[in-house]
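# From the sequence below, what's the structure:
(chains A, B, C and D)
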Protein chains: 2
Amino acid sequence: MQDHELKFKDYLATKGLKLTSPRKHILDAVFDLHEHFNAEELYNRVKSITSDVSIATIYRTIPLLVDAGLVQQALRSSGRDRYEHIYGHPKHIHWLCKACGAIVETDLNTLMGAVREQASLMGFRVQETEISIMGLCWKCIDNEKQI
Amino acid sequence: MQDHELKFKDYLATKGLKLTSPRKHILDAVFDLHEHFNAEELYNRVKSITSDVSIATIYRTIPLLVDAGLVQQALRSSGRDRYEHIYGHPKHIHWLCKACGAIVETDLNTLMGAVREQASLMGFRVQETEISIMGLCWKCIDNEKQI
DNA sequence: CCTTATATTGAGAATCAGTTGCAAACTTAT
DNA sequence: ATAAGTTTGCAACTGATTCTCAATATAAGG
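Alright, predicted model coming up:
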């Protein structure tokens, strides 16, 4: 059994829930998708493997995955909620270039210390972080200079 | 004319659009609201001043304000898109409690140093930052213990 | 002050992501 | 095998957001 499957099963057990076949398929699809995804994209991915799962179950399973700490909500886009899997992934920062739309991800370690410090001052228990920096990437800054 | 009104007018001009009375009222309401707001809350605020504006216009105007750099999308909550005005505001962090939905804002200064350092390494020019931490606030941690 | 071309609006209809009720099917423990 | 509880697909539903459209307003040029 894969690592994340085990973690999901453990989580479900604590809630008296079961790791059923649809849930297993959804979980696998989530970890096949390496980009951010929305409910429909996830559904299509699952469908390409099995016809065993309905879109309602997708919507019902996503919150479980989030609560289990396997998936986190990402920035909403074009009117749809988006997610990304995070288990085994170091936290990261999204650098979004407003000119060319490129998204680069970098490590979050340097910032996490400061985040945790402030959290403990506030008595806040951190579950997820979402850090997005918007601006111009070096490529687009170069282009700008040439104009 | 207020600073942000001028900025909005300039933006509209570049798009061949006009600063009409409904748009002016919406803009004013946005800068009256000091908290995050969703479309309906903004509508109610505008209505308390004038009956001159419909909800459709609210929905049409928000993307203009975002594109003009006066408003930015905040964390979605209970199925509704949320926004906040940003013009002239210091950057901040959002702490969102997943249990009770409370949103607290704190200063970003401590983290900005680290962000800027990494940005300069990458040659990235920072324009906006959106830092959201999700988890449990002290109140809900307390409640949890009592159960 | 007219005319014309264009932008804007409110009202309500339409859409669409996401949620929910329900009855059948499954799981697990006894 | 049975009982108690969980899960699922389906279809109906909900409610936020978007769209359509006819009427109104605006700005520019005569």
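# Just list whatever residues bridge to the nearest residue to A:Leu96 once chain neighbours are set aside.
In space, and not counting its chain neighbours, A:Leu96 is closest to A:Met134: 4.9 Å by Cβ to Cβ, 6 or more residues apart in numbering or on different chains. In short, each C-beta sits where N, CA and C put it, glycine included. Beta-bridge pairing of A:Met134 under DSSP bridges involves A:Leu96, B:Glu128.
# what about A:Met134, how many residues close to it?
Look at A:Met134: counted by other Cβ atoms under 10 Å in any protein chain shown, it has 16 neighbours.
# wait, does stretch A:71-78 contact DNA strand D?
No: on the criterion Cβ under 7 Å from any atom of the strand, stretch A:71-78 is out of touch with DNA strand D, staying 8.1 Å away.
# Show residues contacting that stretch.
With contacts defined as Cβ atoms under 8 Å, 6 or more residues apart in numbering or on different chains, stretch A:71-78 is touched by A:30, A:36, A:62, A:65-66, A:81-87, A:94, A:128, A:130, A:132, B:73, B:76, B:81, B:130, B:134.
# one more time with 6 Å, if that's ok
Here stretch A:71-78 makes contact (Cβ atoms under 6 Å, 6 or more residues apart in numbering or on different chains) with A:36, A:65, A:82-86, A:128, B:76.
# Could you give the number of residues near A:Thr106?
A:Thr106: 19 neighbours (other Cβ under 10 Å).
# Then it would be within a helix, right?
No: read with DSSP: H, G, I helix; E, B strand; the rest coil, A:Thr106 is strand and lies in no helix.
# quick one: contacts for the residue nearest to it when sequence neighbours are not counted?
The shortest distance from A:Thr106 to any non-neighbouring residue, by Cβ to Cβ, 6+ apart, is to A:Ile93 (5.1 Å). If you count contacts by Cβ under 6 Å, 6+ apart, A:Ile93 has them with A:106, A:108, A:131.
# which regions of chain A lie under the pLDDT threshold?
Across chain A, the ranges flagged by pLDDT under 70 are A:1, A:88-91, A:98-101, A:144-147.
# Spatially central, which residue of it would that be?
A:Glu84 (2.0 Å; Cα atoms, centre = their mean).
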